[in-house]
Every structure is written in structure tokens, then in C-alpha cells.
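Student: build the 3D model from these lines:
(chains A and B)
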Amino acid sequence: MDTNIDFKKIWSEQKVETPKVEALYAKANKLKSRSFLELIVINITLLLTITFIGFIWYYYQPELVTTKIGIIMIMVATVTFLLPFNKQLSLLKKNKTEPNNKEYLQQLTKLKEVQVFQQTTMLNVFFILLSLGIGLYLFEFVSNMPMTWGIITCALTIAWFAINWFYLRPKTIKKQNTKLNKLLAEFEKLNNQMNE
Amino acid sequence: MNFETIYKTHWQKVFRLCMGYVNDADTAKDLAQETFIKVLKQLPKFRNESSIDTWIFRIASNTCLRQIQKDNKMPKSELPIELTDEISETTIEKDIQFLYKCISELQEVERIIISLELEDMSQKEIAEIVGLSEGNVRVKIYRIKEKLTQKFKKNGY
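Tutor: Residues are numbered from 1 along each chain as shown, chains lettered A, B, ... in the order given. All right, here's what the predicted structure looks like:
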């Protein structure tokens, strides 16, 4: 193509001052400590929850097997909820060398698809396990309560489950998936540009 | 290789690539900074499988591509007016500004390809960075330059 416009010359005229490298170090350290903190907080929460539930088991010595199953289910639910956070991190860190743009876009797409799965299926599993677990767990205590208190406890627990299941769960899933699906569409658009 | 040397020799190049992608000086600076944070982190793992330029530009262009995760609320065409004013107040010359404007009107992948080409990367290197065949890159560069030339000519260049 014959062109007398020297784009390279125009392009290389663009000069900006290089910011001090110290500013970059400061920001890198800040980011590092923040993501480290996030990981710590998540895992400490997990550990504390399990310890706490284990403590109840040990301290109150439940008699019924349902209570024990309930406690285990609550623990499993907690792990199910927190595990994906750790898994996501490993998914991002798996690359040894930086991939090219095409591979990178494919990886991002895959990561988003995993997230969509986690946020729908895993969230459902979490809610079911947690509700069942708490239900079973409460059974022993409620059966030992006076009638009125038993009914009140049951009603409150069921109401709480209902709010979670019919309101919070769909709302959370919808909100997160709308965002993710929009991103997936964007990535697909970029992927298509590679194939044109 | 020493990070600070890399930083000094590559900052301008990376900034220009990001600028070609977003056409906004502040965002481009942020993207360049993000790129170098990744370079800093990954440098101990860098094993010279590719040239350092190719490696850094891969990180930079991937960082740009990821950008949509953050601001897909604000497409380029809807940049607020104040922001455009701000750009023209800086010392960037008109030609450079117009070149960036034209590039920002291209498709995302095209923006990366032309920025790398203008940065004097070989077509083989561009192919390695983007993940396309060399032939495909050559065709794309040809088409993009044609588009840019048309835009410049229309603007009375």
C-alpha cells in the first residue's frame, strides 16, 4: 500500500514522563498484602466456623444421630461455600508463562464459565446443605423445648430458610450472572475478532 | 535481568500501547502500572522462552483486554465531554491525538496489533503476542493501515 503518512513517526513522538519506580513498588506491596489478607480472612472464617460447631458437639454431647448429621452438613456447607475462593486463586495462578492474547481470552472465558457454575449450582448446594443441616441440628433441641417455644423456633427457622431460598438466593444468582454473562459476551466478541 | 532497567526502558512503550487501546492518558497510566506490577511479580519466573519485549507486551496487551471487566459501563464513544477537553489541554500534539483517536475507533484486537506494529515489533513477534498466524497479522496490519490512511486523508492530511 502506498502511503506517505509516517504513522510510526507520529506514534513515537508521544512521550510521557516515566513515573518513579518507588510508587510502583508501594502499590505492588499494597496489593500483595491485600490479597493475602483476603485469603487469610476467608480461611480463618472457615476454621472458626468448624471449630465452633465442633465445640458445640463436644460440649453439649448431642444424643440423636440426626443432630450429628446436621452438624456435619453445616460443616460441609461451609466448606462448599469457601472452597471455590481458594480454587479460583489456583486457577489464576496456574500459568507459568504469560499466554498470548488468544489463549488468555480463552482462559478468561473458561474462568467466567466456572464462576457461573459455582454461583448457581454451588450456591444451591450450599443453601440446601445448610438448611437441612440446621434443621436436623435443631430437631433435638426443639423436641426438648416446651411446646410454645418449639413452635416459635420452628416458625422462625422456616421463615429464615424461606427468605434465603425464595428471595436472597435467586437475587444473588441473578445479579452475579447478569454481570458474568455480559462479560462472557464481551470475551466472545473479542475471541471472534481473532478469527476474522 | 534487573527490574528497574526493564521499567526504565519499557515504560514509554507500554504506556503507548495502553494509550492506543484506551485513548485516555489516566487510564493508560493505570494500565501501564498494572502491567509492571505483573512484570515485577513474574520476573523471577521469566525463563527467556521468548524475548523480553514479547513477554512484556503480552502482559500489557492481556492487561488491556482484561480492562473490559472493570469499565464496560463506559464505551469509548460515550466519553464525557470534560474528559475530551482535558486531553486537548495537555501538550500532546494534534497529530498524535488524531492518531490515537483513529486507533481507538478500531476493534480491540486491531488496536493491539497496530500499536505493536507502530512500536516497531516484527510481524513474527506480533503473531507471538496476539496468538495469530504471521500471515494473518500481515493482512490485518495492511487493512488497518489502509483504514488509518483513509481517516487521515479525510481529515485533510
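Student: when you work out contacts or count neighbours from here on, use the C-alpha atoms and nothing else.
Tutor: Noted.
Student: what's the first helix or strand after the helix or strand of chain B with the lowest mean pLDDT?
Tutor: One helix or strand of chain B scores below all others by mean pLDDT, DSSP states H and E: helix B:81-89, with a mean of 47. Elements were assigned by DSSP states H and E; along the chain past helix B:81-89, the next helix or strand is helix B:94-104.
Student: what does the very next helix or strand once past that following helix contact?
Tutor: Downstream of helix B:94-104, the next assigned helix or strand under DSSP H and E is helix B:108-118. With Cα atoms under 8 Å, 6 or more residues apart in numbering or on different chains as the test, helix B:108-118 has contacts from A:7-8, A:11-12, A:190, A:193-194, B:16-17, B:20-21, B:61, B:65, B:103-104, B:123, B:126, B:130, B:137, B:140-141, B:144-145.
Student: pull out the buried members of the residues you listed.
Tutor: Burial by neighbour count, 16 or more other Cα atoms under 10 Å in any protein chain shown: within the contacts of helix B:108-118 this picks out A:7, A:11, A:190, A:194, B:16-17, B:20-21, B:61, B:65, B:103-104, B:123, B:126, B:130, B:137, B:140-141, B:144-145.
Student: could you measure from B:D120 over to A:W11?
Tutor: Applying Cα to Cα, to the nearest Å, the value for B:D120 to A:W11 is 10 Å.
Student: can the longest helix along chain A be found next to chain B?
Tutor: With secondary structure taken from DSSP state H, chain A has its longest helix at helix A:21-60. Yes - using Cα under 8 Å from any Cα of the partner chain, helix A:21-60 reaches chain B at A:V21, A:L24, A:Y25, A:A28.
Student: please apply the same query to stretch A:168-181.
Tutor: No - using Cα under 8 Å from any Cα, stretch A:168-181 stays clear of chain B, coming no nearer than 9.2 Å.
Student: again, but for stretch A:186-196
Tutor: Yes - Stretch A:186-196 lies within reach of chain B by Cα under 8 Å from any Cα, at A:E186, A:L190, A:Q193, A:M194.
Student: okay, the residues you listed in TSV with secondary structure next?
Tutor: Putting the residues of stretch A:186-196 next to chain B into TSV (DSSP: H, G, I helix; E, B strand; the rest coil) gives the following:
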residue	secondary structure
A:E186	helix
A:L190	helix
A:Q193	helix
A:M194	helix
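Student: pLDDT added to the residues you listed, as CSV?
Tutor: Formatted as CSV, those follow (pLDDT from 0 to 100):
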residue, pLDDT
A:E186, 86
A:L190, 88
A:Q193, 87
A:M194, 85
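Student: closest to B:K41 out of those residues?
Tutor: A:L190 (26.7 Å; Cα to Cα).
Student: which residues touch that closest one?
Tutor: A:L105, B:E108, B:V109.
Student: ok, so of those residues, who is nearest A:P62?
Tutor: A:L105 (52.1 Å).
Student: check which helix or strand the closest one maps to.
Tutor: Taking DSSP H and E as the definition, A:L105 sits inside helix A:101-117.
Student: list the helices and strands that helix packs on?
Tutor: Packing partners of helix A:101-117 (3 or more Cα pairs under 8 Å, 6 or more residues apart in numbering or on different chains; DSSP states H and E): helix A:169-195, helix B:52-66, helix B:123-130.
Student: can you pull up the most central residue in chain B?
Tutor: Nearest residue to the geometric centre of chain B (Cα atoms, centre = their mean): B:L17, 2.2 Å.
Student: with adjacent residues omitted, what lies nearest to it?
Tutor: The shortest distance from B:L17 to any non-neighbouring residue, by Cα to Cα, 6 or more residues apart in numbering or on different chains, is to B:S115 (5.5 Å).
Student: among the residues of helix A:21-60 next to chain B, who's most crowded?
Tutor: When neighbours are taken as other Cα atoms under 10 Å in any protein chain shown, the top entry among those is A:A28 (19 neighbours).
Student: residues contacting that residue?
Tutor: By Cα under 8 Å, 6+ apart, the contact list for A:A28 reads B:I37.
Student: so who does B:N23 touch?
Tutor: B:N23 touches B:Y100, B:K101, B:S104, counting by Cα under 8 Å, 6+ apart.
Student: quick one: the residue lying closest to the second one once chain neighbours are set aside from A:K15, how far?
Tutor: Nearest in space to B:K101, with sequence neighbours left out and distances taken as Cα to Cα, 6+ apart, is B:N23 at 6.6 Å. Summarising the geometry, the distance separating B:N23 from A:K15, computed by Cα to Cα, is 14 Å.
Student: for the closest residue to A:F7 other than its chain neighbours, report the pLDDT, please.
Tutor: Ranked by Cα to Cα, 6+ apart and with sequence neighbours excluded, the top spatial neighbour of A:F7 is B:L118, at 7.0 Å. Note on B:L118: pLDDT of 93.
Student: B:L118: neighbouring residues, count only.
Tutor: Neighbours of B:L118 (other Cα under 10 Å): 19.
Student: cool, and A:P146?
Tutor: A:P146 has 9 neighbouring residues, counting by other Cα under 10 Å.
Student: now it. Its backbone dihedrals?
Tutor: Dihedral pair for A:P146: phi -60, psi 150, per degrees, to the nearest 10.
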